[in-house]
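Visitor: coordinates for the following, if possible.
(chains A, B, C and D)
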Number of protein chains: 2
Amino acid sequence: MAPDTRDRILQTAARLFLEQGFAATGVATICREAGVNTGSLYHFFPSKDALLIGVLQWYEEHLQPIVMGPVQEREPDPIERIFALLAWYRAGMESVDCRMGCPIGNLALEVSDTHPEARPFIDTNFHNWAAVIQSWLEDAGDRLPADTNRRALSRMVLTVMEGGIMQSRAAGSLHAFDDSVSQLRAYIDALRARAGDPTLETSKPSAREGE
Amino acid sequence: MAPDTRDRILQTAARLFLEQGFAATGVATICREAGVNTGSLYHFFPSKDALLIGVLQWYEEHLQPIVMGPVQEREPDPIERIFALLAWYRAGMESVDCRMGCPIGNLALEVSDTHPEARPFIDTNFHNWAAVIQSWLEDAGDRLPADTNRRALSRMVLTVMEGGIMQSRAAGSLHAFDDSVSQLRAYIDALRARAGDPTLETSKPSAREGE
DNA sequence: ACGCTCCTTGAACGATCACTCAAGGAGCCC
DNA sequence: GGGCTCCTTGAGTGATCGTTCAAGGAGCGT
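Guide: Model (predicted):
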């Protein structure tokens, strides 16, 4: 009936997994909300677990066009781009009153152990995320110290994102997220100061914290 | 029959929630593994959701005696104590092949939205955790710059813990956790350098990264 | 218009879900 | 030893779980 049933199932499932979690979302609910019969869903996905994999692949395919691309276009400076990305997530969290959070992060904690088939797909999502950040950090060139471990720093950015969101969801406020981002900013400013980054406006000699 | 039924239920439930998640754990399973009948469980806890609250309170009560106390005893230096705590979690993760992770973090992402009654209890757990770290940071005195926002920094430590564990669970390896901790170390070393901390051995003038 | 493939329909399956409850034992006060 | 409270027993509730399947449309090449 509708144009692309498979895609509608995937997006509905993705939304419900994000809103309620994987285990708490019934196949019947997915079908109802997608306007599809159970047989139709099972035509495309042999099991609920396979649907989970499908959702994770969907996220993988849409990281660049939906998340990274727009940020990359809007913010030319590779270092500020990192904070633009964090601000983009922050705005999303704020617009839904600190609910839901990061879909990959949620699934990472819920199904990593119980669904080992899904683990590599979650890992790939994180890896791709970190790889983009790392490329930005490499674009920053000598504005960061030459001995900066940009892979480790990219993982730290992802860590701040996920750890900050987790605490903010529990608190229902973005304070913990903002605190963590401010510390990341202070750390990166300290690195830039050590590298002598000319674009760093230094009202104080070294790292400062926000708030 | 056994000495303390309520406690056995709580600890069994806590273990199963950690291993499989809240929604994926059935009440029948909890009863079987705790050696208890369903009626017994429902005598102490009016619902599965109430049991969840009970588990969260149990964690709240045991943070100091099980987690913070031992670390505090083992490591006198307040700054190194932070990394001793992170190392303690790391050892736990390593001993179970990067499975399970942090019980509070898991529940934070799984039930924050679907079980609003549980949210304040999760938040309190995080808050208590951060408050202890903050007290350690305050114990560090002028080994950190006077203008250091120790509340924000304590949240950053929690962020590194949770964000690092999340990625490590997905990857099945502790690399992302280690990367994040090394960046936190570099940041705190930079703060100590700026404060002129005499206990900081400086083989290089400023912040360095691990790995 | 036939046959073939792709997709949809929707009822039905057994298992498991959270939860209830009437009944009865264990311990203690009087 | 009667009565009271606290706790345990375990079968049973209806609802929902993930999944199956026989049947039949829709579209297309021939």
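
Visitor: please make it C-alpha for all contacts and neighbour counts, starting now.
Guide: OK.

Visitor: residues contacting the helix or strand hosting A:His43, please?
Guide: Counting by DSSP states H and E, the element that carries A:His43 is helix A:38-44. Contact with helix A:38-44 is made by A:Arg6, A:Ile9, A:Val27, A:Ala28, A:Cys31, as judged by CA atoms under 8 Å, 6 or more residues apart in numbering or on different chains.

Visitor: enumerate every residue touching the spatially most central residue of chain A.
Guide: Centroid-nearest residue in chain A, with CA atoms, centre = their mean: A:Cys102, separated by 5.5 Å. A:Cys102 is in contact with A:Leu18, A:Glu162, A:Ile165, counting by CA under 8 Å, 6+ apart.

Visitor: and those as JSON lines, adding neighbour count, secondary structure and distance to chain B?
Guide: Converted to JSON lines, the contacts of A:Cys102 look like this (neighbours: other CA atoms under 10 Å in any protein chain shown; DSSP: H, G, I helix; E, B strand; the rest coil; distance: CA to the nearest CA, whole Å):
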{"residue": "A:Leu18", "neighbour count": "23", "secondary structure": "helix", "distance to chain B": "10"}
{"residue": "A:Glu162", "neighbour count": "25", "secondary structure": "helix", "distance to chain B": "5"}
{"residue": "A:Ile165", "neighbour count": "32", "secondary structure": "helix", "distance to chain B": "9"}
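
Visitor: tell me the confidence at the residue nearest to the centre of chain A?
Guide: The score at A:Cys102 is 98. That number is its pLDDT.

Visitor: would you mind listing the buried residues in the helix holding A:His43?
Guide: By neighbour count with 16 or more other CA atoms under 10 Å in any protein chain shown, helix A:38-44 contains the buried residues A:Leu41.

Visitor: so what does the helix or strand following it touch, helix or strand wise?
Guide: The helix or strand immediately downstream of helix A:38-44 is helix A:48-62, counting by DSSP H and E. Packing contacts for helix A:48-62, counted by 3 or more CA pairs under 8 Å, 6 or more residues apart in numbering or on different chains; DSSP states H and E, involve helix A:5-20, helix A:119-139.

Visitor: would CSV of those helices with distance to A:Arg155 and mean pLDDT be doable?
Guide: CSV is the format used below for the helices and strands packed on helix A:48-62 (distance: least, CA to CA, whole Å; pLDDT from 0 to 100):
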stretch, distance to A:Arg155, mean pLDDT
helix A:5-20, 23, 97
helix A:119-139, 6, 98
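
Visitor: mind checking these for the one nearest to A:Met68?
Guide: Proximity to A:Met68 (CA to CA) singles out helix A:119-139 among the helices and strands packed on helix A:48-62, at 7.8 Å.

Visitor: sketch out the low-pLDDT regions of chain A for me.
Guide: A:1-3, A:202-211 (pLDDT under 70).

Visitor: DNA strand C contacts on that one?
Guide: Contact residues, chain A versus DNA strand C (CA under 7 Å from any atom of the strand): A:Met1, A:Ala2, A:Asp4, A:Thr5, A:Arg6, A:Val36, A:Asn37, A:Thr38, A:Gly39, A:Ser40, A:Leu41, A:His43.

Visitor: repeat that with 10 Å
Guide: Within chain A, the positions lying close to DNA strand C (CA under 10 Å from any atom of the strand) are A:1-9, A:24, A:28, A:31, A:34-44.

Visitor: what parts of chain A come near DNA strand D?
Guide: For chain A, the contact set with DNA strand D under CA under 10 Å from any atom of the strand comprises A:1, A:22-31, A:37-43, A:45-52.
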